[in-house]
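Peer 1: A predicted structure for the sequence below; I have some questions about it.
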Amino acid sequence: MLFPEARRALEPVADETPVWSDGYDIAAARDEARASAATEPREDVADVRDVDADGVPARLYRPAGAAPGLVVHLHGGGFVFHDVDVHDPAARRLANRTGRAVLSVDYRRPPEHRFPAAPDDVSTVVGWLDREAAALGVEGPTVVHGDSAGGNLALVAALRHPGRFVATVLIYPFLDPTAGFASYRTATDGFDPREAAWYWRQYAAGPADLEHADLAPLRSDRLATLPPTLLVTAEHDPLRDEGEDLAGLLADAGVAVTATRYLGQLHGFWRHASAFPAAEALLRQSAAFIDQHG
């Protein structure tokens with residue numbers, strides 16, 4: 001059952017032009033997302049600055065009295081949409097709730113920059129942090145965190161760099177290009193499976209990429225290398241079952257995994273704290289998990 005806030009959130013988007021429509025204007029949709037995010041309330045963070053991570057733009061948030069270490073945040077948006085500006089309000093909340101510095105990464109997006117541009121950018125940032133963390137004042141335990149497509153990139157980053165992160169936080173990660181799980185038929189409120197398929201078509205440079213473990217990490221043979229992982233799903237989300245399947249795979253591989261399904265919630269709820277009370281609960285759950293392992 002959808003919670004009331006989820007039902008309200010569906011009403012204004014019911015008549016939006018779907019992304020799979022002929023001639024869909026990606027640039028206009030990106031502009032609209034930035035304009036909408038600009039109207040959202042922003043919490044104060046003691047220090048916020050844009051940085052250049054070996055050519056990859058990023059934004060560093062450091063709350064007052066920050067604990068040692070860093071949370072690397074990878075934004076969602078189907079790989080195609082969103083950026084550090086759209087995720088600025090959420091990144092500020094993440095920094096304040098965790099009490100740690102947060103680095104929000106502005107990775108390249110398709111269709112202009114197809115796979116593997118995004119995970120390669122994240123790897124570039126990891127290498128940059130290896131050299132520059134002390135100078136930035138963020139040396140210490142590092143957590144990788146992502147929502148939706150960013151959850152995919154966070155998982156791939158942890159798999160590409162085993163031992164580099166002390167914990168992984170994956171919020172309704174986007175993992176399965178085949179859309180092979182039952183929730184693509186039974187839990188599609190506000191997220192049409194045709195939209196998911198369109199995102200994969202933009203992201204993959206060719207059919208072979210859809211079978212590559214750095215794009216479809218459920219295929220990875222290195223899941224046992226992951227650090228402790230928090231995996232969150234939403235009840236009314238076509239991505240629900242693939243996330244929960246990953247949780248089972250991690251548990252079977254011996255990874256310390258905590259898996260939580262948020263009942264009554266839609267895909268995307270984490271970013272919209274003013275509309276979804278569960279977003280604050282999830283922020284605090286993530287902060288507690290990071291405290292436990294960082």
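Peer 2: Looks like it arrived, so ask away. Residues are numbered from 1 along each chain as shown.
Peer 1: Going by C-alpha atoms from here, please, whenever you check contacts or count neighbours.
Peer 2: Noted.
Peer 1: and L2, how far is that from G248?
Peer 2: According to Cα to Cα, to the nearest Å, L2 stands 25 Å off from G248.
Peer 1: Over to E5?
Peer 2: Applying Cα to Cα to E5 and G248 gives a distance of 30 Å.
Peer 1: all strands of this structure, in order?
Peer 2: Assigned by DSSP state E, the chain shows strands spanning 47-53, 56-62, 67-74, 100-105, 142-147, 167-171, 229-236, 257-266.
Peer 1: Sheet partners, orientation included, of the second one?
Peer 2: Taking DSSP bridges as the criterion, strand 56-62 pairs within the sheet with strand 47-53 (antiparallel), strand 100-105 (antiparallel).
Peer 1: So for L283, which of the ones you listed sits nearest?
Peer 2: strand 100-105 (12.8 Å; Cα to Cα).
Peer 1: how far is that closest one from where the chain is centred?
Peer 2: Remark: strand 100-105 is offset 13 Å from the chain centroid, using Cα atoms, centre = their mean, to the nearest Å.
Peer 1: which residues touch that strand?
Peer 2: The contact list for strand 100-105 (Cα atoms under 8 Å, 6 or more residues apart in numbering) reads 56-63, 66-75, 84, 91, 94-95, 122, 125, 138.
Peer 1: In contact with R42, which residues?
Peer 2: So R42 contacts 88-89, 92 (Cα under 8 Å, 6+ apart).
Peer 1: Could you verify my assumption that D176 touches S220?
Peer 2: No: D176 is beyond contact range of S220, at 11.9 Å (criterion: Cα atoms under 8 Å).
Peer 1: Redo the strands of the chain as TSV? Include distance to F115, mean pLDDT and mean neighbour count.
Peer 2: Shown next, in TSV, are the strands of the chain (distance: least, Cα to Cα, whole Å; pLDDT from 0 to 100; neighbours: other Cα atoms under 10 Å):
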stretch	distance to F115	mean pLDDT	mean neighbour count
strand 47-53	19	98	14
strand 56-62	16	98	21
strand 67-74	15	97	24
strand 100-105	16	98	27
strand 142-147	17	98	26
strand 167-171	20	98	28
strand 229-236	24	98	24
strand 257-266	27	98	19
